[in-house]
Structure formats: C-alpha cells, structure tokens
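Peer 1: fold the following, please.
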Amino acid sequence: MKRQRNTKIVATLGPSSSDYDMIRQLHEAGADVFRLNMSHGSHDEIRERHRIIREIERDLDSTIGILADLQGPKLRVGVFANGEEELEEGAKFRLDLAEAEGDATRVTLPHPEIFQVLEVGANLLVNDGKIRLKVLDCGDDFADCEVIAGGTISNRKGVNVPDVVLPLAALSDKDRADLEFVCQLGVDWLALSFVQRPEDVTEARELAGGRASILSKIEKPAAVKSFDAILEVSDGIMVARGDLGVELPVQNVPPIQKKLIRQCREAAKPVIVATQMLESMIESPMPTRAEVSDVAAAIYEGTDAVMLSAESAAGQYPVEAVTTMDNVAQEVERDPNYTEIIEASRRVDRSTVADGIVAAAREIAETTSIQAICCFTDSGKTALLTSRERPRVPIIALTAQRGTARKLTLSWGVNCYMTGVLSRFKQAVVNAARAARSHGFATEQDQILVMAGVPFNVPGSTNILRVAPCEERLIFASDPE
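Peer 2: Numbering: from 1, shown residues only. Coordinates of the predicted model:
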C-alpha cells in the first residue's frame, strides 16, 4: 500500500482494535506496523490478532509488520491493610521483605535484588514517580526512607529505581515463555523491555534464534549510559519515553530523544518514538496542539516511526488517531524546513562499497529526474542504508524474503514489495521497472535507479548501480544481454 509519507506509524492492538474490520481500517488509515502488547491479553487473544493481521495482508496484498512487545520484569510494592495510605512529605517510610500487610509506616517490597544494590541517598519512585522516596539507611532486607514527594500509595503500585543498575535480567520467566510463543507465531520484531546493558539484548537474541529482529526499548538511565553498546547489538531502538520520563528529570528527555534518533540513523537502524504521543485521543476525537507538536518534533528529528499505544489499543477513536498521525507526518514532510533539517543532519561514516553506492544513488536521484531508487535486498541491509540517506525520492525495496519485507516496514521511506528469486541483473531491472510502474511511482517515460548485488541472493554484496528506463522495450534495447 503506497503511503504519501516516509515516516512510519506503529499502532498497538487491544480491546478497541481486535477484530478484522477495525484492524483493516487502521492499516488503510496509515498503520504500517501493528504492536502486540504482551503485558495485556492471553496467548489465545494474541494468536487471533496475529492471524487477522496476516489475513488482511493477504486480502490487500500489502506487506504488514508485527511487533511483539515483551512486558519485562515488574517491580511493585505489596498490599496495604487498608488498601491505601497517604504519605506526607518529610515523613519516614520503610520498605522491607516482611510479609505483613502495609500501613502508613511501611510496606513490603518483595524484590531482594533491589536491597542488594541500594545505597544511602538513592531515590525510589512509586506510582510513575508521583511518590518519591530518598534512602536514609538500608540493608539486605530493608530501606528506611524519607518521603520527598508525598501522595497516595496503594496496593501493588510500580517502583522505579533510577540511580542504580539492578541485578535483574531483562527477561522474566513470563517473557521467555512469551518470546517463544510469538516467535513460533512468526512476528517480525521483538521489543525488549527493561534493557540496562547489552547483555540483556544478547540473551534475547540467542533465545529468538534469528526468528525475529530485536528492538531495544530505552526506558532506563542505565540504558542511556550504555546506549552505544546496546545499539551495536540491537536491530532497532524504541525511545520509550514513559519510564524514561519517570526515572530522569523530564527536561532531560527531549535532548536524549534527539541524540538517540541521530545515533540510530547513523547506524542505519530504525528507531521508534513512543509513549503518550496523542494521549488525549483516548477519549477525544481531536488531539491537543501540544500533542501534534510533539509528533511533529519527532518527525522533524528524523525518526523512522511514531507509535500509538492506548490511543489505538483501548481508546474510543483508534482510526482517528492513526489518521491524525498520518496527516501530521504528511504536513511536516511537505515543509521545506523538514528537508533542510534532515539533510543537515546527514552524518555518515561511509566505509564500504554498499555505503558508497547508496550515497551515489541519492546524489544522482536528487540532481536528475530520477523517480525512485529501487534496491534488491536479501537481508534488508541495502534498504536500511538507503533509508539512512533520507533521499528525496521514494525507496522501493524488492526482496524474495517475506520476513525481510515485513521487517523493513519499520524503516523510514521504504516501500516493500515481493519479487521472485533472480539470477541476472537484467531481470532485476525489469522487475524494478514493473514495480515502479504498477505501484504508481513512475511511468513508462520515467527513469529509475536500480541497485543490486551480483551474485544475487548473497547478503551484503551490493555492488551495482544503474540508471534504467521504466519502459521494458527500452530496457531490452539498451541491454541486449
């Protein structure tokens, strides 16, 4: 399905978007990738949503990506005898391993691994940071704290520990079971929560065994500090601004977002900006101006994709939310300032033949009347390198690998289409011209650029760039081979 924008849209499925008609409407409105949130829904529900997406993909002959988002370990306090208590600023409050129900002076924190690494002066955040505790004294089974920011604390509220790296794996037992389940289903991307170190990503990659690409969610300060190493072992990144904005001062999040987007682009790996992008549209058919500006800012920064969470999963206006994102992306990308910003931020260390070829393709396309850049890709790498260049003309990725096509639905500007297995470069040119014509990117009077690697079907072998006519009679006339 040809889009009128380059930025991709990820839509989360849930109670508001679980049947065929609604999911199809979301795709037709602009959703390129669907997110299956493993924190909600049974395996049977996830399986059914996966089946529907693939059915829509067949019915519309449109490549659709599927992202399974693993829950990650959840740190929560225990329960209170009264259900909740009010903590006053300046009061003392204890967290411990005792099994007794909590009161106004203490509550259970059933995570001994937290006490193992706590230090005096560390901060503990409860209920998305609404309550802030400062550690005054601690041991192997307790932490005596002062209430810095008070409020209502109730049963099983979440706890964030921003100041230390926790000795916890990013994958819980539930995550391992979910990972195996969705890999057997055939999802394209796995989003990994609670990433703190590159080893967390490596573990998930080993368990996936090549069945899905790994996308690391950056939601903890430790992940920001280790981002270079995490990016190196990840296939993609999600800037998960929810927990990031809880564990860091909120004013730190925008520059971190900008920095991570640029680093992902330099590495030719897709990046999603997520969390509360159109939050008001859960209950309203119209977004706020601030939300529209937030989405636009991420697009101006060059993100590959923007994501809807509760807006499309549980909101009252899921189709309107996707349509809003689509409209914002189109409007931003028509702005001449957008092109200037994107091109000014093109910082690439080109060191391979493929790097040089895709850079040359962009230069040629932007200085001539070329209508599209067509790249044949087996692993997806050539398309990713082309996407990194952010050319002004459409990118058409042609592949014989269905999994590669689906994975590329997350990458900026890439239009993915299936092709047969090729053995000669002239076949590639003919197939590229047919794809450009049939999908409305070019006419028979136009020219396109074709990139491929010979020998074919060998990942990483991109070594040919050709300007080709779109009319097959001219293709054969100019290349009698």
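Peer 1: wait, what's in contact with the spatially most central residue of the chain?
Peer 2: The centroid of the chain falls nearest to residue 272 when counting by C-alpha atoms, centre = their mean (3.6 Å). If you count contacts by C-beta atoms under 8 Å, 6 or more residues apart in numbering, residue 272 has them with 10, 215, 236, 237, 238, 239, 303, 304, 305, 306, 307, 410. Backbone N, C-alpha and C define where each C-beta goes, glycine included.
Peer 1: repeat for residue 333
Peer 2: Contacts here follow C-beta under 8 Å, 6+ apart; on that basis residue 333 touches 5, 6, 7, 299.
Peer 1: okay, residue 237 and residue 103: tell me how far apart.
Peer 2: Computed as C-beta to C-beta, to the nearest Å, the residue 237 to residue 103 distance reads 42 Å.
Peer 1: the two - which one has more neighbours?
Peer 2: Higher neighbour count among residue 237 and residue 103: residue 237, with 28 against 11, using other C-beta atoms under 10 Å.
Peer 1: can you map out the strands along the stretch 351-481 of the chain?
Peer 2: Counting by DSSP state E, counting those that start in this stretch, the stretch 351-481 of the chain has strands at residues 373-376, 395-399, 414-418, 447-453, 462-469.
Peer 1: that's a helix at residue 214, yeah?
Peer 2: No. Counting by DSSP: H, G, I helix; E, B strand; the rest coil, residue 214 is not found in a helix; it is strand.
Peer 1: shaky segments in the stretch 351-481 of the chain?
Peer 2: Applying pLDDT under 70 to the stretch 351-481 of the chain picks out residues 476-481.
Peer 1: could you pull out the helices for it?
Peer 2: 353-367, 381-389, 402-407, 425-438, 472-478 (DSSP state H, counting those that start in this stretch).
Peer 1: out of those helices, which is closest to residue 332?
Peer 2: Nearest of the helices of the stretch 351-481 of the chain to residue 332, taken as C-beta to C-beta: helix 381-389 at 17.2 Å.
Peer 1: quick one on the thing from earlier: most tightly packed of the strands of the stretch 351-481 of the chain?
Peer 2: Mean neighbour counts were compared across these using mean count of other C-beta atoms under 10 Å; the top stretch is strand 373-376, at a mean of 29.
Peer 1: TSV for the strands of the stretch 351-481 of the chain, including distance to residue 38?
Peer 2: As requested, these are exported to TSV (distance: least, C-beta to C-beta, whole Å):
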stretch	distance to residue 38
strand 373-376	33
strand 395-399	28
strand 414-418	25
strand 447-453	37
strand 462-469	36
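Peer 1: compare the ones you listed and give me the one nearest residue 359.
Peer 2: Closest to residue 359 of the strands of the stretch 351-481 of the chain, according to C-beta to C-beta: strand 462-469, at 10.2 Å.
Peer 1: that closest one vs strand 447-453, what angle?
Peer 2: Using axes from the mean of the first three to the mean of the last three C-alpha atoms, to 10 degrees, the direction of strand 462-469 lies 160 degrees away from that of strand 447-453.
Peer 1: so what does strand 462-469 touch, helix or strand wise?
Peer 2: Packing partners of strand 462-469 (3 or more C-beta pairs under 8 Å, 6 or more residues apart in numbering; DSSP states H and E): helix 353-367, helix 381-389, helix 425-438, strand 447-453, helix 472-478.
Peer 1: elements contacting the second one?
Peer 2: Think helix 381-389. Applying 3+ C-beta pairs under 8 Å, 6+ apart, we find helix 381-389 packed against helix 353-367, strand 373-376, strand 395-399, strand 414-418, strand 447-453, strand 462-469.
Peer 1: out of these, which is closest to residue 123?
Peer 2: When these are compared by C-beta to C-beta, strand 414-418 sits nearest residue 123, at 41.7 Å.
Peer 1: hang on, the earlier thing: now, which of the contacts of residue 333 lie within helices?
Peer 2: Among the contacts of residue 333, the residues falling in helices (DSSP state H) are residue 299.
Peer 1: for the contacts of residue 333, which one is nearest residue 129?
Peer 2: Nearest to residue 129 out of these is residue 299 (C-beta to C-beta; 27.4 Å).
Peer 1: per-residue confidence for the closest one?
Peer 2: pLDDT recorded at residue 299 is 98.
Peer 1: quick one: the strands in the stretch 201-350 of the chain, in order.
Peer 2: Using DSSP E, counting those that start in this stretch, strands in the stretch 201-350 of the chain cover 213-218, 236-240, 271-274, 305-308.
Peer 1: in its sheet, which strands sit next to the second one, and in what direction?
Peer 2: According to DSSP bridges, strand 236-240 forms sheet pairs with strand 213-218 (parallel), strand 271-274 (parallel).
Peer 1: go on, the last one?
Peer 2: Paired with strand 305-308 in the same sheet, following DSSP bridges, are strand 8-13 (parallel), strand 271-274 (parallel).
Peer 1: got those as TSV, with mean pLDDT and distance to residue 431 columns?
Peer 2: TSV is the format used below for the strands paired with strand 305-308 (pLDDT from 0 to 100; distance: least, C-beta to C-beta, whole Å):
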stretch	mean pLDDT	distance to residue 431
strand 8-13	98	24
strand 271-274	98	30
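Peer 1: can I get these in JSON lines with distance to residue 251?
Peer 2: Listed next are these as JSON lines, based on distance: least, C-beta to C-beta, whole Å:
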{"stretch": "strand 8-13", "distance to residue 251": "26"}
{"stretch": "strand 271-274", "distance to residue 251": "17"}
